[in-house]
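Engineer: Predicted model, plus sequence, below.
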Amino acid sequence: FIAMFAILEYYKGWEIVVVFTLALAYLFRIYRQTTALLFDSGSIVYYWREDLGGKPDADDPFDLTVPVERLHKRGMQLSSHASFQAAFK
């Protein structure tokens, strides 16, 4: 990559540095916009949390009470485990 850039600079002059910098800035802008859109559309947090602007439907089929209960139960099992308590003393 560096060798190709050096040859381009040799034959085309410093204009290629400007063109390359502008192209890189444009590509970075596209990358940032795309990653932001993908993160926003793939994040369930903004959908479920009403305090962050989410508006889940009243008849939404996704009920998170079961996974939350299981996670809480697993956390309680781990916190009561003797080796876990000994590790944090």
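Structural biologist: Sure thing, it's come through.

Engineer: For the rest of this, base every contact and every neighbour count on C-alpha atoms.
Structural biologist: OK.

Engineer: what's the following helix or strand after the helix or strand harbouring Tyr10?
Structural biologist: Secondary structure from DSSP states H and E places Tyr10 in helix 2-12. Note on helix 2-12: by DSSP H and E, the next helix or strand toward the C-terminus is helix 15-42.

Engineer: Tell me which other helices or strands that next one touches.
Structural biologist: Using 3 or more C-alpha pairs under 8 Å, 6 or more residues apart in numbering; DSSP states H and E as the contact definition, the elements that helix 15-42 packs against are helix 2-12.

Engineer: Distance from stretch 17-27 to the middle of the chain?
Structural biologist: Centroid separation for stretch 17-27 versus its chain: 25 Å, with C-alpha atoms, centre = their mean, to the nearest Å.

Engineer: same thing with stretch 13-22?
Structural biologist: What separates the centre of stretch 13-22 from the centre of its chain is 32 Å, taken as C-alpha atoms, centre = their mean.

Engineer: got it, and stretch 12-20?
Structural biologist: Shown here is stretch 12-20, whose average C-alpha point lies 34 Å from the average C-alpha point of the whole chain (C-alpha atoms, centre = their mean).

Engineer: Could you check how far the spatially most central residue of the chain is from Arg32?
Structural biologist: By C-alpha atoms, centre = their mean, the chain has its centre lying nearest to Phe39, at 5.3 Å. Separation of Phe39 from Arg32 (C-alpha to C-alpha, to the nearest Å): 11 Å.
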